[in-house]
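In: got a predicted structure plus its sequence, pasted below:
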Amino acid sequence: MEDGSTSGDVPPGPWGLSIQYDDAVDLPAPTVRPVNPVLPDTVTMLEHAPSGGRVYIVGTVHLGEKSQEDVAATIRTVKPDSVMLELCTERLDILTVDEDEARRALSPLSELNRKHFHILAQQLGVAQAFRVFWALKQSGQHAKNLGISGSDMRTAFREAANLPNCTVLLGDRPQSITHQRTYGALTLWEYIRHLWIAVRDLCVHWNISQDDVEKLKTSAFLEADAARMSAACPTVQRAIVHERDVVMAEGLKWFLAQPVMTTEGPRSRVMVGVVGMAHVAGIQRAWNRPSLSQNEQKNLFTIPPTAKWRERAPVVVKVSWLLLCGYITSRGGRFLANLVR
């Protein structure tokens with residue numbers, strides 16, 4: 001067994017943020033911590049040789065009850081000094097969502113119809129309205145069947161609050177940067193393929209059940225899905241999955257390198273990381289590689305130039321629409337002229 005002790009504040013990492021619970025000092029500190037804890041099979045333990053610390057990564061899906069149970073069991077058993085979440089400062093509101101209220105609010109979205117689509121199209125344009133419309137409908141359907149996305153993160157946040165001086169850390173890249181690195185550099189062909197895959201997946205996973213959610217966590221499914229996305233949309237897969245794997249692995253290494261200060265001196269840090277199951281294998285691959293240089297870290301947060309076709313697309317759409325209207329008017333005029341004759 002391992003002696004427990006009180007941890008101090010952890011300074012924010014290169015892309016992380018620490019959240020310290022002021023009321024946690026009133027709780028009793030753990031006296032022991034298991035060396036070889038019995039944990040759910042969704043947990044992967046990684047050791048950080050330079051510091052002697054270790055992290056227990058819980059692979060989750062962001063919907064459903066089983067992942068919540070795995071997260072809660074792991075944190076209660078390990079009693080970590082810090083908990084790292086697959087979140088960024090732009091998504092902090094996920095942690096404070098009232099799930100019952102949100103479920104009542106989102107469930108009616110599954111009933112959106114053509115009238116609502118037309119309203120969105122007038123406000124956003126047809127292409128953007130299409131994506132938003134189906135995303136809203138799917139969110140409503142999932143809210144009815146499974147609950148609100150992010151339940152695993154909220155569970156980790158609550159469990160960490162119940163531990164003395166446990167610090168919550170945000171280890172993901174800002175969502176806005178990921179979005180711009182994903183879609184800003186897509187070629188026209190990649191954009192079309194990505195849109196097609198997104199629509200197809202919406203149809204396949206429309207009425208997903210809890211059993212279906214658990215199947216998404218299997219290694220066979222994850223490997224097949226990663227291979228499919230890498231072949232169809234390598235830019236999307238690289239920005240949304242591979243780059244964020246590296247960001248979170250580097251963040252975990254940085255956090256583990258910060259020792260816990262105790263009355264008996266510094267000791268190695270023990271952490272729990274809560275990430276989507278699709279990121280676990282990539283974090284493992286990045287774990288044993290040399291740490292990134294400052295330039296390599298900077299590159300992961302650099303927004304690439306926007307693809308030229310996206311700058312020209314609005315003009316092309318408008319010109320195409322005018323040409324189509326002109327063609328229809330011309331054909332209609334000829335038809336009327338023939339009728340008059």
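Out: Received it, and whenever you're ready, just let me know what you need. Residues are numbered from 1 along each chain as shown.
In: residue ranges with poor pLDDT in the stretch 1-150 of the chain?
Out: The stretch 1-150 of the chain contains residues with pLDDT under 70 at 1-32, 99-113, 117, 124-148.
In: in it, which spans are helices?
Out: With helices called from DSSP state H, counting those that start in this stretch, the stretch 1-150 of the chain shows them at 65-78, 99-106, 114-124, 126-145.
In: domain-wise, how is this protein divided?
Out: Using automatic domain parsing, the domain parsing of the chain gives 2-97+150-306, 312-341.
In: need the strands for this structure, in chain order.
Out: Shown for the chain, the strands assigned by DSSP state E span residues 2-3, 18-19, 32-33, 43-48, 53-60, 82-85, 167-170, 260-262, 265-267, 270-276.
In: can you redo the ones you listed as TSV with distance to residue 116?
Out: Backbone N, C-alpha and C define where each C-beta goes, glycine included. Converted to TSV, the strands of the chain look like this (distance: least, C-beta to C-beta, whole Å):
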stretch	distance to residue 116
strand 2-3	56
strand 18-19	38
strand 32-33	52
strand 43-48	42
strand 53-60	32
strand 82-85	33
strand 167-170	34
strand 260-262	52
strand 265-267	57
strand 270-276	30
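In: can you redo those as CSV with distance to residue 303 and mean neighbour count?
Out: Output for these, formatted as CSV (distance: least, C-beta to C-beta, whole Å; neighbours: other C-beta atoms under 10 Å):
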stretch, distance to residue 303, mean neighbour count
strand 2-3, 43, 12
strand 18-19, 26, 17
strand 32-33, 42, 14
strand 43-48, 30, 17
strand 53-60, 28, 24
strand 82-85, 24, 28
strand 167-170, 20, 24
strand 260-262, 36, 16
strand 265-267, 38, 13
strand 270-276, 23, 25
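In: closest to residue 245 out of those?
Out: strand 270-276 (8.8 Å; C-beta to C-beta).
In: that closest one to strand 53-60, inter-axis angle?
Out: On the basis of axes from the mean of the first three to the mean of the last three C-alpha atoms, to 10 degrees, strand 270-276 is oriented at 30 degrees to strand 53-60.
In: residue contacts, residue 39?
Out: When contacts are counted by C-beta atoms under 8 Å, 6 or more residues apart in numbering, residue 39 touches 56, 73-74, 77-78.
In: of all pairs in those residues, which one is the farthest apart?
Out: Looking at these by C-beta to C-beta, the two members farthest from one another are 56 and 73, with 10.8 Å of separation.
In: show me what counts as buried in stretch 64-77.
Out: In terms of neighbour count (16 or more other C-beta atoms under 10 Å), stretch 64-77 has its buried residues at 64, 66-68, 70-75, 77.
In: is it correct that residue 83 is in contact with residue 75?
Out: Yes. In this structure, residue 83 sits in contact with residue 75. The criterion is C-beta atoms under 8 Å, and the distance is 6.5 Å.
In: what is in contact with the two at once?
Out: 156, 159-160, 272.
In: can you pick the most crowded of those residues?
Out: Neighbours here mean other C-beta atoms under 10 Å. Within the shared contacts of residue 83 and residue 75, the largest count is held by residue 156, at 28 neighbours.
In: in contact with that one, which residues?
Out: With contact taken as C-beta under 8 Å, 6+ apart, residue 156 is in contact with 58, 71, 75, 83, 85, 168, 272, 274.
In: max pairwise distance over these: which two?
Out: Across these, the two members that end up farthest from each other (C-beta to C-beta) are 58 and 168, 14.2 Å apart.
In: low-confidence ranges, the stretch 151-300 of the chain, go.
Out: Applying pLDDT under 70 to the stretch 151-300 of the chain flags the ranges 185, 194, 197-232.
In: show me where it has its helices.
Out: Taking DSSP H, counting those that start in this stretch as the criterion, the stretch 151-300 of the chain contains helices spanning 151-161, 175-183, 188-204, 210-215, 219-232, 234-237, 243-256, 277-287, 294-300.
In: so which elements touch the last one?
Out: For helix 294-300, the helices and strands in contact under the criterion 3 or more C-beta pairs under 8 Å, 6 or more residues apart in numbering; DSSP states H and E are helix 243-256.
In: how far off strand 43-48 does the helix it packs on point, in degrees?
Out: With the same axes, to 10 degrees as the basis, helix 243-256 and strand 43-48 are set at 60 degrees to each other.
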